[in-house]
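Colleague: 3D model of this:
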Amino acid sequence: MKSIFTLLSLTTIILVSACAPVNPDQLAKERAKFGTSTQAKVNVTNSSISGTWKDTCVLNPADSMYRQDILEITSNYITSTSNFYSDSKCTISIYSQSLSGLYLLTDDSLQGVAVITVNNSSTSVLVSTSIVATMFNQQSFCKATDWTSGHIRLFNDVTVCGIATTSKMNIQRFGTDELYLNAVKYLKQ
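Modeller: Take a look at the predicted model:
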């Protein structure tokens, strides 16, 4: 009986201490002992992320198409192209949409991420099939009703396509050959 009482007392102490509020200063001191900080820091610069980055071909469950994104980044300009395909190897193109603009790279040390804030200045759409052109015409996609297969449409007002003029992306991890942007892995090309 005494051992059951001791076990219950010990369990109560453990539960109370586990639910007790954490002192942030004490937590920082404890982490410092072990060589860890309160937040991971992603060290990136405009020049270190410059280049072409591509993610893998994945099924887009919203529309049952396959999608692969490509990022083209220079020192202050970014173009993000979403390519949509009908096959799992991303070889049979349906359409693609690019979004371009100047960007600003900042550090959010509170979240432990680098943030890319993009001023979306233009978007372009390339329709690869007449079926998609007909569908876009019926839907007045980007407020246009004269879509044709094989032609690129450029929109300098991104809001006509339902795109915000400013967007933010978080870089969670960065290496010389991989970039994790909004939890998606991109490989350097």
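
Colleague: alpha carbons only for contacts and neighbour counts from here, please
Modeller: OK.

Colleague: domains of this structure?
Modeller: Annotated domains of the chain cover 2-33, 51-188 [automatic domain parsing].

Colleague: pick the most buried one from those.
Modeller: A comparison of the domains of the chain by mean neighbour count, using mean count of other C-alpha atoms under 10 Å, puts domain 51-188 on top with a mean of 17.

Colleague: give me the distance between the two termini of that domain.
Modeller: Start-to-end span of domain 51-188 (C-alpha to C-alpha, to the nearest Å) is 7 Å.

Colleague: all strands for the protein, in order.
Modeller: 51-54, 58-60, 65-73, 77-85, 93-108, 113-127, 152-155, 166-174, 178-181, 184-188 (DSSP state E).

Colleague: can you redo those as a markdown table with mean pLDDT and distance to A144?
Modeller: As requested, the strands of the chain are exported to a markdown table (pLDDT from 0 to 100; distance: least, C-alpha to C-alpha, whole Å):
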| stretch | mean pLDDT | distance to A144 |
| --- | --- | --- |
| strand 51-54 | 95 | 29 |
| strand 58-60 | 91 | 24 |
| strand 65-73 | 95 | 22 |
| strand 77-85 | 95 | 19 |
| strand 93-108 | 93 | 15 |
| strand 113-127 | 93 | 11 |
| strand 152-155 | 95 | 10 |
| strand 166-174 | 88 | 22 |
| strand 178-181 | 88 | 31 |
| strand 184-188 | 92 | 31 |
